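In: no letters, just coordinates:
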DNA sequence: GGTTGCAATGCACGATTATACACGATATTT
DNA sequence: AAATATCGTGTATAATCGTGCATTGCAACC
């Protein structure tokens, strides 16, 4: 076997990850005939680029296509529940308000944590709609359209048109990535466009971000950070440099309690 | 046999659980080639996250929470599954067709029984949308609007407008009541109006009726029985006088097999 | 030609994480 | 009730991780 250029090897690994394969560091080391150190360096670099998730023993793909909603939602159920509870408390939701819940597993947790008061809740997420359909204390409005499996809801023109007819009091944006410099960004252009439309129709907007979404970026910009009234982050993000920078930049950052 | 990262193994187990499989600890240990201890640790961790129930010998999936409308759905799950299977077979669904599934627990069973071919499926039911959202072999279109909890989906003006923009090949109507003289009828006026709109936009229409819906009536008429191309009834309705009368009246009545 | 800068590699170290085995306790089966 | 299988905990072991450092190969530059 002839030696493979390092850059080439790294790209090969990246492609496999984006295909949804989970990789073992030792296996890769053997395959490319390099030391595990080199592989670990590659995986760390790919993880820094947001192309995979680093785990003990190798790396896991985090590509939205390969991990449909059902898996992502359960990945960190406890953490997201804590985050959702903090957000629900911080939002100071009042009776009669009109809420919008964007797609996302974190917002699904939030839906379950919504207080039992009279509310109108709109969503473009099938899972969130299903979770709220059984509650009779609130009025539920779903946005129609073609459902994107990778996203778990509708983000097409129909959905944009529907959201533009709404006067939303409080919008909970789903975010794929959040950073101070790049703002909020998403992996899908239509998704990003939908989020922008939802933001425009909302009086206030909040965003729940799990730790792995902080200080990362996705291809399509949604909005700068100051378009968000409050950012809710996990307790474990406390010392995060990005969080401190956001705070000094004047962003309202809410810290969730430790999960049970 | 390449070794998989521990986190990946745990996630794989978690996915299986969320798919409703019950798992044996020893079998998993053999499959992943680790000691039962490691598997038990995984299962304990998953149980701690609330993703499964720990039992002697393995683990059981915790939530068929993916089946809202569960109260009604489980009532006669086996019977409805048989009915749905018969309907799916009788419908002769061909690739590329555009199906519409109306609200109703019977149609939810049908959604689960849809063949794995390329289809476009539209629905106004949240539960059906949730059941189909995970399938990537078909395109899913949900109708937006305000969700009526009693119905489990949208039947308002938005939904009617949306369905009127569709060219439906085959419509599976949900019915509250079916009789030869009164035709198809529903308990809710808006629901009935929506069903009429859906019927108007459909080339063919079928209706699945459990035994208790036969020969009954509801306040609001949807359509006469001859607007339906085929009526699928349960096996136990075989000797039903109403069924015989329908047959002699020229209605195409399909009989389901006995449930397992 | 020699040197410099850069990138990549392999190795050594302490730290972290997962594993397997041992033990008594508990549940299931016969 | 006895026998067997599984469980939970503790502990020692092994694998992997991250970091720092020296070495190598290569291209650019003087």
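Out: Cool, the structure landed. Model, not experiment: these values are computed from the prediction.
In: tell me which stretches of the stretch 51-200 of chain A form strands.
Out: Under the criterion DSSP state E, counting those that start in this stretch, the stretch 51-200 of chain A carries strands at the ranges A:52-55, A:58-61, A:98-101, A:119-123, A:138-142, A:145-148, A:153-154, A:168-173, A:177-179, A:183-186.
In: quick one: which of those is nearest residue A:14?
Out: Of all these, strand A:52-55 sits nearest to residue A:14, with 7.9 Å by C-beta to C-beta. All C-beta atoms are positioned from the backbone trio N, CA, C, and that covers glycine.
In: partners of that closest one, with directions?
Out: Partners of strand A:52-55 in the sheet, by DSSP bridges, are strand A:58-61 (antiparallel).
In: distance from the chain centre to the partner strand, please.
Out: 18 Å (C-alpha atoms, centre = their mean, to the nearest Å).
In: cool, and stretch A:178-198?
Out: For stretch A:178-198, the distance to the chain centre is 10 Å (C-alpha atoms, centre = their mean).
In: residues from the stretch 1-150 of chain A in reach of DNA strand C?
Out: Taking C-beta under 7 Å from any atom of the strand as the criterion, the neighbours of DNA strand C within the stretch 1-150 of chain A are A:6, A:7, A:9, A:34, A:35, A:37, A:38, A:41, A:42, A:56, A:57.
In: run a quick neighbour tally on the residue nearest to the third one when sequence neighbours are not counted.
Out: Same thing as residue A:9. Take residue A:9 and drop its neighbours on the chain: the residue closest to it by C-beta to C-beta, 6 or more residues apart in numbering or on different chains is residue A:32, 5.3 Å away. Residue A:32 has 20 neighbours, counted by other C-beta atoms under 10 Å in any protein chain shown.
In: distance of residue A:32 from chain B?
Out: The gap separating residue A:32 from chain B is 14 Å, by C-beta to the nearest C-beta, to the nearest Å.
In: quick one: that residue and residue A:39 touch, right?
Out: Yes: Residue A:32 lies in contact with residue A:39 (C-beta atoms under 8 Å); the separation is 7.2 Å.
In: closest one to chain B out of the residues of the stretch 1-150 of chain A next to DNA strand C, please.
Out: The closest of these to chain B turns out to be residue A:57 (C-beta to the nearest C-beta; 3.5 Å).
In: thinking again about what came up before, may I have the phi/psi pair for the residue nearest to residue A:9?
Out: phi -90, psi 0 (degrees, to the nearest 10).
In: got a pLDDT number for it?
Out: Model confidence at residue A:32, expressed as pLDDT, equals 86.
In: could you list the domains of chain A?
Out: For chain A, automatic domain parsing gives the domain ranges A:6-62, A:69-255.
In: low-confidence stretches in chain A?
Out: Filtered on pLDDT under 70, chain A yields the residue ranges A:1-6, A:63-78, A:215, A:236-240, A:257-260.
In: which residue packs closest to the residue in the stretch 51-200 of chain A that DNA strand C sits nearest to, ignoring adjacent ones?
Out: Residue of the stretch 51-200 of chain A nearest DNA strand C, by C-beta to the nearest atom of the strand: residue A:56 (4.0 Å). Excluding the flanking residues, the one nearest residue A:56 by C-beta to C-beta, 6+ apart is residue B:6, at 6.0 Å.
In: might one say that that neighbour is in contact with residue A:60?
Out: No: the pair residue B:6 / residue A:60 is not scored as a contact, 10.7 Å apart, by C-beta under 8 Å.
In: compare neighbour counts for those two and give me the winner.
Out: More neighbours surround residue A:60 than the other of residue B:6 and residue A:60, with 24 against 17 (other C-beta under 10 Å).
In: residue numbers of the stretch 151-260 of chain A in contact with DNA strand C?
Out: Close to DNA strand C, as judged by C-beta under 7 Å from any atom of the strand, the stretch 151-260 of chain A has no residues.
In: ok so, going back, the residues of the stretch 1-150 of chain A next to DNA strand C in helices, which ones?
Out: Judged by DSSP state H, helices contain the following of these: A:6, A:7, A:9, A:37, A:38, A:41, A:42.
In: looking at those, which two lie furthest apart in space?
Out: A:7 and A:37 (17.0 Å).
In: now do the helices in the stretch 151-260 of chain A.
Out: A:157-163, A:189-200, A:241-248 (DSSP state H, counting those that start in this stretch).
In: the last one close to DNA strand D?
Out: No: figure legend: helix A:241-248 not in contact with DNA strand D (C-beta under 7 Å from any atom of the strand); closest approach 13.4 Å.
In: what is that helix packed up against?
Out: strand A:253-255 (3 or more C-beta pairs under 8 Å, 6 or more residues apart in numbering or on different chains; DSSP states H and E).
In: burial measure for residue A:29, as a count.
Out: Neighbour count for residue A:29, taken as other C-beta under 10 Å: 16.
In: near DNA strand D, which residues of chain A are found?
Out: Counting by C-beta under 7 Å from any atom of the strand, chain A sits next to DNA strand D at A:24, A:25, A:26, A:36, A:37, A:40, A:43, A:44, A:54, A:56, A:57, A:58.
In: doesn't the third one belong to a helix?
Out: Yes: for residue A:26, which was evaluated using DSSP: H, G, I helix; E, B strand; the rest coil, the result is membership in a helix.
In: got the residues of the stretch 101-250 of chain A near chain B?
Out: The stretch 101-250 of chain A has residues A:126-127, A:129-136, A:139-147, A:149, A:152, A:154, A:158-159, A:162 near chain B, with proximity defined as C-beta under 8 Å from any C-beta of the partner chain.
In: between strand A:168-173 and the top strand by length along chain A, find me the angle.
Out: For chain A, the longest strand by residue count, based on DSSP state E, is strand A:202-209. Angle, strand A:202-209 to strand A:168-173, by axes from the mean of the first three to the mean of the last three C-alpha atoms, to 10 degrees: 20 degrees.
In: can you list the buried residues in strand A:202-209?
Out: For strand A:202-209, burial by neighbour count (16 or more other C-beta atoms under 10 Å in any protein chain shown) applies to A:202, A:204, A:205, A:206, A:207, A:208, A:209.
In: no further queries at this time; thank you.
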